[in-house]
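Trainee: Any chance you could fold what I've pasted below:
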Amino acid sequence: MNWEQITGQEKLKNLLIESISENRVSHAQLFVGKEGYGVFPLALAYAQEILSRENSQSASKVQHFNHVDLHFSFPVFSEKNNSLSSRLFDEFREMMLENPYSDFEDFTKILESENKQFFISADEADDIGQKFSLKSFEGGTKILIVWRADKMNLSAANKFLKFLEEPPAKTVIILTAESVDFMLPTILSRTQIVEIPRIEDEEISFALKEKFGLDDEKITQIVHQSQGNFNEALKLARSENSDSEFEELFVNWVRYAFMAKKKPELLRNIIAWAKNIAAWNREKQKSFLDFCSEIFRLALMQNYGSPNLVYKKINIENFQWDKFSQYIHGANIESILDEISTADYHLERNGNSKIIWTDLGIKLTRFIHRSA
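Mentor: Reported below is the predicted structural model:
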C-alpha cells in the first residue's frame, strides 16, 4: 500500500513518515478510527515504509501480503476448536487487496457468518508469541498488524499484554480499533495511540471523480451520506440502483403511515412492507435505515427554511417533497430518529428483523401526525 493510494489524511501520512525518518517509531501503536477513514491502509503503508527502508525489494511483497516478516492477526469465529486467524487468511487477504477500506461487517458477509461470534482468542495470542519468538527471516524488523484489536476477548488481551510489555528486539506492533471503549486500560497504557480522523469531503469528492467519473450532483450526495467514510462512499458509488429502490420503499412507508390514521386497514400494508425489508441481508437493512434517517433530516432542513443544505430530494412521481417536509419538525424529528437508531441497535445485535421493522413502521403512524 503506497502512501499515494490512501485517500486524504495528508497531515497524518506526513507525521508517520517523519517518525520513521527520525527514528521515532514506537514499538507498539494503536490506530483508532472507523475502517472507512483509512485505518488499515495507513497501518499497511506504515509497515511497508519501515520494511522498504531496510530492503528496497520489500514494497511489492507487502503490497501482496506475502512478506515473511509481516504478520497479520484479526478476529475470526471458532470452528472445530480452531480460533486461529491463519485459517481464514486467504479470505482476509483477498478482501483487503480488493478494498483495504473494508470493515468488520464486510468480512463477516464475505464469510457468510453474520450471526457468528468473532473474536481474537487466547490461542491466537499464543500463536503470535510463538511466531515472534523466531528470528526475522530477512534479518530486519518484524511487524505485526492486529486488525480490530478491540475484538480481543479478556483472556487473549491478558496474554497479549505480556507480549506488549516484553516484545522481541526489532519488533513493531500496530493495532487497529474502531474504539478503545472495550480494550484493557493496561494495553492502552502501553501503546502510542494515533487517532484517525474522518476523511475531508474534498478528498472523497476528488477520489470518486477519479475512480468513477460521476457527475457533481451524484458525488455531492455520496459525500454527504458517507460522512468522511471512504468505504461507505465506495459502496454508495457502486450501488447505482439502490437509491431508487430505497426511495420507493421510503415513500410507501410515509404514505401508509400518513393514511393509517383514517384507514387502519393500511397497517397490513406496513406489515407487508416490513416483511419485504426483513428478507434483506443485515448490511442492506442498515443501509436503508441510514437512508431513511438522512431523508428525514433533509426534510427537517427544508421545512425550517434551509433549502441550500438540502442536497437531495425524493422526486418519485406524485410524491410532493415540499408538502411532506412540512410534517417533519421539532416535535417529531427526535422521536423518529431515536426509533431508527433503536432499530439499528437491535439489528446489530441480531434481533428479529420482522419484529424490528414492523415496530418501526407502525410507530411512524403516530409521530408523523404530531402537531408542530
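
Trainee: As a check, name the ranges of all strands in the stretch 51-200 of the chain.
Mentor: 70-73, 142-146, 171-177, 192-195 (DSSP state E, counting those that start in this stretch).

Trainee: okay, the angle between the third one and strand 142-146?
Mentor: For the pair strand 171-177 and strand 142-146, the angle between their directions (axes from the mean of the first three to the mean of the last three C-alpha atoms, to 10 degrees) equals 10 degrees.

Trainee: Next secondary structure after the strand or helix carrying residue 323?
Mentor: Under the criterion of DSSP states H and E, residue 323 resides in helix 321-325. Per DSSP H and E, the first helix or strand lying C-terminal to helix 321-325 is helix 333-348.

Trainee: buried residues in that following helix?
Mentor: Using 16 or more other C-beta atoms under 10 Å as the test for burial, helix 333-348 gives 333, 336, 339-340, 343-344, 347. C-beta: built from backbone N, CA, C; applies to glycine.

Trainee: With stretch 146-161 instead?
Mentor: So, applying 16+ other C-beta under 10 Å, buried residues of stretch 146-161: 146-153, 156-157, 159-161.

Trainee: buried sites along the least confident helix or strand in the chain by mean pLDDT?
Mentor: Least confident helix or strand, the chain: helix 216-226 with a mean of 86, by mean pLDDT, DSSP states H and E. The neighbour-count check on helix 216-226 (16+ other C-beta under 10 Å) flags 218-219, 221-223, 225-226 as buried.

Trainee: Residues in contact with that helix: which ones?
Mentor: 36, 201, 204-205, 208-209, 214, 232-233, 236-237, 290-291, 294, 311-312 (C-beta atoms under 8 Å, 6 or more residues apart in numbering).

Trainee: Out of those, which comes closest to residue 127?
Mentor: residue 36 (28.8 Å; C-beta to C-beta).

Trainee: would the closest one count as being in a helix?
Mentor: Yes - read with DSSP: H, G, I helix; E, B strand; the rest coil, residue 36 is one of the residues of a helix.

Trainee: right, and it touches residue 105 too?
Mentor: No - contact criterion C-beta atoms under 8 Å: residue 36 and residue 105 do not qualify, at 11.0 Å.

Trainee: And residue 232, how far from residue 207?
Mentor: 13 Å (C-beta to C-beta, to the nearest Å).

Trainee: do the same with residue 366
Mentor: Taking C-beta to C-beta, one finds residue 366 at 42 Å from residue 207.

Trainee: Tell me which of these two has more neighbours.
Mentor: residue 207 (19 against 13; other C-beta atoms under 10 Å).

Trainee: dump the residue contacts of that one.
Mentor: 7-8, 230, 233.

Trainee: how about the helices of the stretch 101-250 of the chain, start to end?
Mentor: Assignment of helices within the stretch 101-250 of the chain using DSSP state H, counting those that start in this stretch yields the ranges 104-110, 122-132, 154-165, 185-189, 201-212, 216-226, 230-238, 242-259.

Trainee: ranking these by burial, who's on top?
Mentor: Among the helices of the stretch 101-250 of the chain, helix 230-238 has the highest mean neighbour count (mean count of other C-beta atoms under 10 Å), at a mean of 21.

Trainee: who are the neighbours of that helix, in terms of helices and strands?
Mentor: helix 201-212, helix 216-226 (3 or more C-beta pairs under 8 Å, 6 or more residues apart in numbering; DSSP states H and E).

Trainee: Compare these and give me the one nearest residue 180.
Mentor: helix 216-226 (23.5 Å).

Trainee: For the longest helix seen in the chain, what does the pLDDT average out to?
Mentor: Scanning the chain for the helix with the most residues, using DSSP state H, yields helix 282-303. Averaging pLDDT along helix 282-303 gives 91.

Trainee: what's the angle between it and helix 242-259?
Mentor: Using the same axes, to 10 degrees, helix 282-303 lies at 60 degrees relative to helix 242-259.

Trainee: Now helix 282-303: buried residues?
Mentor: 282-283, 285-303.

Trainee: Give me the packing partners of that helix, helices and strands only.
Mentor: helix 104-110, helix 216-226, helix 242-259, helix 267-278, helix 321-325, helix 333-348, helix 353-367.

Trainee: May I see the helices of the stretch 101-250 of the chain arranged in a markdown table, with distance to residue 139 as well?
Mentor: Output for those, formatted as a markdown table (distance: least, C-beta to C-beta, whole Å):
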| stretch | distance to residue 139 |
| --- | --- |
| helix 104-110 | 33 |
| helix 122-132 | 15 |
| helix 154-165 | 21 |
| helix 185-189 | 29 |
| helix 201-212 | 38 |
| helix 216-226 | 43 |
| helix 230-238 | 36 |
| helix 242-259 | 50 |
